[in-house]
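Peer 1: coordinates only, no sequence provided:
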């Protein structure tokens with residue numbers, strides 16, 4: 001919207017802004033819910049932690065790419081899917097071994113990304 005205003009690309013209506021927001025946020029949340037639900041169902045049929053870790057990684061990257069292609073919010077889609085897998089998936093689809101490995105994997109990814117973020121901030 002700001003780009004359209006700055007470029008002088010015509011009249012911007014509040015209804016159009018609401019439409020775009022609903023598509024971005026609501027569509028991203030719905031896409032994330034569907035992707036997370038599918039991932040939980042797949043995890044229920046698997047009891048092999050390396051495959052489940054790869055499934056969670058594929059979920060994040062694939063969902064983000066699909067959301068961008070559909071002009072939806074990738075971060076919202078990934079967060080909603082992560083909440084679904086991390087809560088419902090933990091209770092219904094993961095063994096104790098899978099929980100341990102999966103959560104440790106994502107903790108390492110979190111620490112790595114935080115380190116890169118602060119390194120970039122420092123630069």
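Peer 2: Yes, it's here. Just so it is clear, the structure is predicted and the values come from calculations on it, not from any experiment. Numbering: from 1, shown residues only.
Peer 1: buried set for the helix or strand encompassing residue 15?
Peer 2: Using DSSP states H and E, residue 15 sits within helix 14-21. Of all the residues in helix 14-21, not one is buried under the rule 16 or more other C-beta atoms under 10 Å. Just so you know, the C-beta spots here come from the backbone N, C-alpha and C atoms, and that holds for glycine as well.
Peer 1: and what of stretch 28-44?
Peer 2: Going by neighbour count (16+ other C-beta under 10 Å), the buried part of stretch 28-44 is 28-29, 31-32, 35-36, 39-40, 42-43.
Peer 1: and of these, the nearest to residue 93?
Peer 2: Nearest to residue 93 among the buried residues of stretch 28-44: residue 43, at 3.8 Å, using C-beta to C-beta.
Peer 1: could you point out the longest helix of this protein?
Peer 2: Ordering each helix of the chain by length in residues (DSSP state H) puts helix 96-122 first.
Peer 1: tell me who's in contact with the closest residue to residue 65 other than its chain neighbours.
Peer 2: Using C-beta to C-beta, 6 or more residues apart in numbering and skipping residues adjacent in sequence, the residue nearest residue 65 is residue 74, 7.8 Å away. Residue 74 makes contacts with 28, 63-65, 67-68, as judged by C-beta atoms under 8 Å, 6 or more residues apart in numbering.
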